[in-house]
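Student: Need the 3D shape of this:
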Amino acid sequence: MKKILIIEDDKMIKTILQFMLNREGYQTDFAIDGKEGMEKLNSFNPDAVITDVMLPYLSGIEIVSLSKKLNPNRPVFVVSSLGNESVTIEKAIEQGANEILSKPFNPEDILEKLRLAFLAEAV
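Tutor: Below is the predicted model of the structure:
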């Protein structure tokens, strides 16, 4: 069972993602800020990370960078309400983000991107 860490301070988004991911057979854990997210990267050791950009303590960009340092092959997906702000997208990609999704997003899109990332990993 693949493990997904969601780092998101919006409770509604966390609830929706948890429901969708658990329904698909993923094991999930959550963090509400960047500091807790970093702790769970180490303790939960997820197979993939979904992080918001705007977080207390550490930004999603910092999470991407630290996650990739711990495991360069781990897929990291960034969700942002900043829209297509090119600087944010550029920074996230520079740090190794696999995908950038703008809020509001369709949770099915994240499921499909996870499936593709795990499929590519298996090849």
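Student: CA atoms only for the least confident helix or strand in the chain by mean pLDDT - export them in PDB, please.
Tutor: Lowest mean confidence among the helices and strands of the chain (mean pLDDT, DSSP states H and E): helix 86-94, at a mean of 77. Extracted in PDB, the C-alpha atoms of helix 86-94 (Å, rounded to 0.1, in the frame of the first residue of the first chain):
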ATOM      1  CA  SER A  86       5.300  32.200 -12.700                       C
ATOM      2  CA  VAL A  87       7.900  32.800 -10.000                       C
ATOM      3  CA  THR A  88       6.200  30.300  -7.600                       C
ATOM      4  CA  ILE A  89       5.900  27.700 -10.400                       C
ATOM      5  CA  GLU A  90       9.500  28.300 -11.400                       C
ATOM      6  CA  LYS A  91      10.700  27.900  -7.800                       C
ATOM      7  CA  ALA A  92       8.700  24.700  -7.200                       C
ATOM      8  CA  ILE A  93      10.000  23.100 -10.400                       C
ATOM      9  CA  GLU A  94      13.600  24.200  -9.600                       C
END
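Student: In terms of secondary structure, what does that helix contact?
Tutor: Contacts defined by 3 or more CB pairs under 8 Å, 6 or more residues apart in numbering; DSSP states H and E place helix 86-94 against helix 60-70, strand 76-80, strand 99-102. Where C-beta positions appear, they are placed from N, C-alpha and C, glycine not excepted.
Student: Could you point out the helix or strand that follows the last one?
Tutor: From strand 99-102 onward toward the C-terminus, using DSSP states H and E, the following helix or strand is helix 107-122.
Student: now this protein, which segments are flagged as low pLDDT?
Tutor: 82-86, 122-123 (pLDDT under 70).
Student: switch to 90 and redo it
Tutor: Filtered on pLDDT under 90, the chain yields the residue ranges 1, 10, 13, 53-54, 79-110, 113, 117-123.
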